[in-house]
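Q: Structure for this input, please:
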Amino acid sequence: MQNSYDVDLGLMPKELAFLIEILNTNNTEDNNWFSYKETYKSINWDHFLQLAIYHRVYPIIYLRFKKIRNNWIPQYVIKTLHQEYIKNTYQMLKLSAEMERINELFNGSNIRLLFLKGPVIAKDLYGDISLRTSRDLDILISIKDLEKAESILRDYGYKRKEVPTPFWKLRNHHVTYFHPYKGLILEIHWRLHPQSINEPSFDDLWERRRVSSVSSYSLHYLGNEDLFFYLVAHGARHGWFRLRWLLDINQILSKKSYIKSDDRTINEFVDRHLGGEINYLGQALILVSVLFQTSVNPKMKLVTEIMGARKLTKKTITYISKRAEFNSILSEEDFAKNQKRYLFTMKSSHQKLLFILNLFYPNPKDAEALLLPRHLRFLYLPLRPFLWAVRKKKSL
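A: Numbering: from 1, shown residues only. Below you'll find the predicted structure:
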C-alpha cells in the first residue's frame, strides 16, 4: 500500500494494520466499519493483544472494542484489554496522587517544577487520564535545585537507583528514584534531552508554562509548542517504535490551535528543541500523516519534503512492521542489540559523535561492577576500559 510520501505499508502484519485502523476510527457505531473489518477476522488475536500492549495503546483499543455490538472479536480479547485498562486506570490515579504530593513538597521548599509526562499530559491530550499509559513520573527542575530536590525525595522515602560517577550531570539529563514501599518510579530531569547542544533554559520553559486541569492544585507543565517539540524529540530519539508516541503527536496536530504555524516560530523551535534537526520534525509529520491520515498545516508540511525526513520515515516504518518478526526469531539479547543498532542509525551525525564520545565517560554500570566510596569515585574515569572489559567478559 503506497501513499503520497511513497512509504510502503505493505510489510505491516495485518494485526498491526488492524490496530492502526482502530486508532483511526472514531465512530465505531458505523455499520460500514463493521463490514469492512470482517476482512480482519483471520488475524492472530494473541499477536494483536501483544501489539496493543507493547505499543501502549490498549486503553483506546478497549474503549473502541467495547462499543462494537457484534461477536467476531473473541471475548478473551475484550477481557484481557479490560483488565489492562483497569490496571492502567489505577496506575494513573496512583501517579496523580503522588504527583500532587511531590508538587506540594517541592513548592514548600521553593523548588519550581514542570511535569513532563504522566497524568497531566494524558488529560491535556486525551481529556481523560485513563486513555494514556504512564510507567512513572517525569519532572523537570532547574539544575541548581537538584541537590535540594534529592534531599527532599530521600526524606520522603525515595532511593536513588544509580550510583553517581564522575561527570554524571554532564553525561546524563535525568536521575531515577524509586519508592520501595509505594512501588513508584520518579525521574528528575535538569535537561529535556540527553547530549543536547541547544535547548530552552528552564526559565524560558517556566515562563511559557501552563497549569493542568487534572487537579485542583496548581500543577505546572510545558507550554503548547514546548510540549509538542519535546514529544517530537523524545519520539525521534527512540525511533518511534511505539505507536503511542505518534498518537500523542496526532492528538496535538488534531487541535488546530495547539501550535503556531508561522515560519519564524517553527524555525525557532526546531533550533531550540531539536538542535536544528528539522528532519525529525519532518519524519514525525510524515508518520502521522501516513499512519493516521492527519492533515498537516501547509507551512509545516514544507519540512516533510526534505529527503532526510523521508529516509528516516522509511527506516521507522520498516522497523515497526518487522519488529514482531525480529522478536520471534532473535533471542532477547540479540533483539536488544538489533534495536540499539536501529536507534543508532536514527541519530544525526553530530548526535552519533556525541554518543561515541559519551562512551568514554563513566556510567552507572561501572558503579554496579565496582562500587567505590565517594572520595574514590574519580577512579572510575581511568578504570573505565577495564570495567567495560569485565562486563563484556561476564556477558559472554
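
Q: What's the separation between Pro298 and Glu305?
A: According to CB to CB, to the nearest Å, Pro298 and Glu305 sit 12 Å apart. Any C-beta I mention is one placed from the backbone N, CA and C, and that applies to glycine too.

Q: And these two? Which one has more around it.
A: Glu305 (11 against 8; other CB atoms under 10 Å).

Q: Quick one: residues contacting the more buried one.
A: Applying CB atoms under 8 Å, 6 or more residues apart in numbering, we find Glu305 in contact with Gly282.

Q: ok, now how distant is it from Asn279?
A: Applying CB to CB to Glu305 and Asn279 gives a distance of 11 Å.

Q: Ala369 too?
A: 37 Å.

Q: Now for this protein, the helix or strand with the poorest mean pLDDT.
A: Lowest mean confidence among the helices and strands of the chain (mean pLDDT, DSSP states H and E): helix 31-37, at a mean of 51.

Q: Give me the next element, helix or strand, following that helix.
A: Downstream of helix 31-37, the first helix or strand assigned by DSSP states H and E is helix 45-54.

Q: So for that next one, mean pLDDT?
A: Averaging pLDDT along helix 45-54 gives 93.

Q: Just the buried positions in that helix, please.
A: Within helix 45-54, the residues that qualify as buried are Phe48, Leu49, Leu51, Ala52, Tyr54, counting by 16 or more other CB atoms under 10 Å.

Q: all helices of the stretch 251-396 of the chain, in order?
A: In the stretch 251-396 of the chain, the helices defined using DSSP state H, counting those that start in this stretch lie at 263-273, 278-292, 298-301, 307-329, 332-345, 349-358, 364-369, 380-395.

Q: ok, back up a step: neighbour count winner among Ala369 and Asn279?
A: Using other CB under 10 Å as the criterion, Ala369 and Asn279 rank with Asn279 on top: 22 against 15.

Q: Might one say that the more buried one is in contact with Thr313?
A: No - using CB atoms under 8 Å, Asn279 is not in contact with Thr313; the gap is 9.4 Å.

Q: Beyond the one helix or strand Leu153 maps to, next helix or strand please.
A: Assessed by DSSP H and E, Leu153 sits inside helix 146-156. Next helix or strand after helix 146-156 toward the C-terminus (DSSP H and E): strand 159-160.

Q: Can you give the strand pairings for that next one, parallel or anti for each?
A: strand 174-179 (antiparallel) (DSSP bridges).

Q: Show me what the next helix or strand after the strand it pairs with is packed up against.
A: Moving toward the C-terminus from strand 174-179, the next helix or strand (DSSP H and E) is strand 184-189. Counting by 3 or more CB pairs under 8 Å, 6 or more residues apart in numbering; DSSP states H and E, the packing neighbours recorded for strand 184-189 are helix 75-108, strand 137-140, helix 146-156, strand 174-179.

Q: between the longest one and strand 184-189, how many degrees?
A: Right, helix 75-108. Counting by axes from the mean of the first three to the mean of the last three CA atoms, to 10 degrees, helix 75-108 points 50 degrees away from the direction of strand 184-189.

Q: May I see the buried residues of helix 75-108?
A: So, applying 16+ other CB under 10 Å, buried residues of helix 75-108: 77, 80-81, 84-85, 88, 91-92, 95-96, 98-100, 102-103, 105-106.

Q: Sweet, I'm off.
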